[in-house]
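A.B. asks: when you get a sec, could you give me coordinates for this:
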Amino acid sequence: MKRFLIVLTLVTAFATTAQAQFLNYGVRVGAGFSTHVDDLADNSPILAANVGGFVTFGFTQSASLLAENFRLQTGVNFIHRGSKFQEVLETAMSIREGSYDAWYVQIPILATIHYELPIREPGHFALLSVGPAFNIGAFGTVKDRKFSHGMPMGDWNYRIESSAFDVMNRFDVDLLFGVGYEYEDLSVMLQLDYGFMAVTETPDALEAVNGTNTNAKVPLGNNVALLLTVGYQFPFR
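C.D. replies: Below is the predicted model of the structure:
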């Protein structure tokens with residue numbers, strides 16, 4: 001959270017000395033991999049996706065040397081996140097496994113350095129972007145099953161399929177970081193998306209046994225995704 005405050009403070013300080021100017025709007029699509037960072041289970045990635053639109057603002061009348069290269073971008077994305085998971089319970093004969101498959105509406109706020117490369121042909125730009133994003137869960141599915149190879153008909157075996165946000169937290173706050181390349185109205189960006197809110201929580205069994213805090217929760221995983229995105233901007237001329 002401190003990182004978000006630093007980024008927003010820098011953006012606000014810059015904007016107060018400059019005048020915002022609308023530059024363009026566009027669309028962006030991307031694909032990559034998503035997983036959950038979780039110490040309790042063995043997670044593996046699923047296919048991640050981003051589809052959305054953006055608007056870009058530049059700043060004028062600023063004393064900053066970065067004024068001509070600085071951009072502020074926001075918009076709305078429809079994103080797919082999740083993970084497969086597996087963990088061994090009690091003995092190697094009992095296994096719990098399943099998957100999280102969730103779609104969110106994402107609102108990013110990105111500060112971008114838009115630097116023209118010093119080559120003979122003009123119009124080639126390097127991009128560096130960072131900023132927070134706010135995610136609201138839309139829909140999805142959580143699949144969870146437990147089985148024993150030695151006793152497949154045991155009463156402790158189960159198979160459950162739930163609506164994603166009956167199990168998962170609906171809100172997430174992310175940090176986005178990306179590097180990319182732009183030529184004319186096309187851009188390509190490699191983006192890392194890290195969620196700070198726990199995907200879901202489970203009761204803390206150790207605290208409950210000790211009787212110190214029966215309401216204690218253990219966070220289970222954070223959304224992490226790495227995506228390659230392609231954007232097209234409609235310049236404001």
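A.B. asks: do you have the helices of the chain handy? List them.
C.D. replies: 2-16, 164-167, 205-210 (DSSP state H).
A.B. asks: and the closest residue to residue 89 other than its chain neighbours, what does it touch?
C.D. replies: Computed as CB to CB, 6 or more residues apart in numbering, the closest residue to residue 89 that is not its neighbour in sequence is residue 96, at 5.5 Å. C-beta: built from backbone N, CA, C; applies to glycine. Taking CB atoms under 8 Å, 6 or more residues apart in numbering, we find residue 96 in contact with 86-87, 89, 144-146.
A.B. asks: how about 6 Å then?
C.D. replies: The neighbours of residue 96, taking CB atoms under 6 Å, 6 or more residues apart in numbering as the test, are 87, 89, 146.
A.B. asks: sorry, back to before: mind telling me which of the helices of the chain the model trusts least?
C.D. replies: In terms of average pLDDT, helix 205-210 trails the rest of those, at a mean of 44.
A.B. asks: for this structure, which strand is longest?
C.D. replies: strand 124-148 (DSSP state E).
A.B. asks: which other helices and strands does it contact?
C.D. replies: strand 94-116, strand 158-163, helix 164-167, strand 171-183 (3 or more CB pairs under 6 Å, 6 or more residues apart in numbering; DSSP states H and E).
A.B. asks: what comes up buried for that strand?
C.D. replies: By 16 or more other CB atoms under 10 Å, the buried positions in strand 124-148 come out as 125, 127, 129-133, 135, 137, 140-142, 144, 146-148.
A.B. asks: ok and it relative to strand 94-116, angle-wise?
C.D. replies: 180 degrees (axes from the mean of the first three to the mean of the last three CA atoms, to 10 degrees).
A.B. asks: now do strand 124-148, average pLDDT.
C.D. replies: 93.
A.B. asks: and it with strand 158-163, angle?
C.D. replies: 140 degrees.
A.B. asks: so what's the residue nearest the centre of the chain bridging to?
C.D. replies: In the chain, the centroid-proximal residue (CA atoms, centre = their mean) is residue 193; its distance is 3.7 Å. Beta-bridge partners recorded for residue 193 (DSSP bridges): residue 176, residue 225.
A.B. asks: tell me which helix or strand of the protein sits lowest on mean pLDDT?
C.D. replies: Within the chain, no helix or strand scores below helix 205-210, which has a mean of 44 by mean pLDDT, DSSP states H and E.
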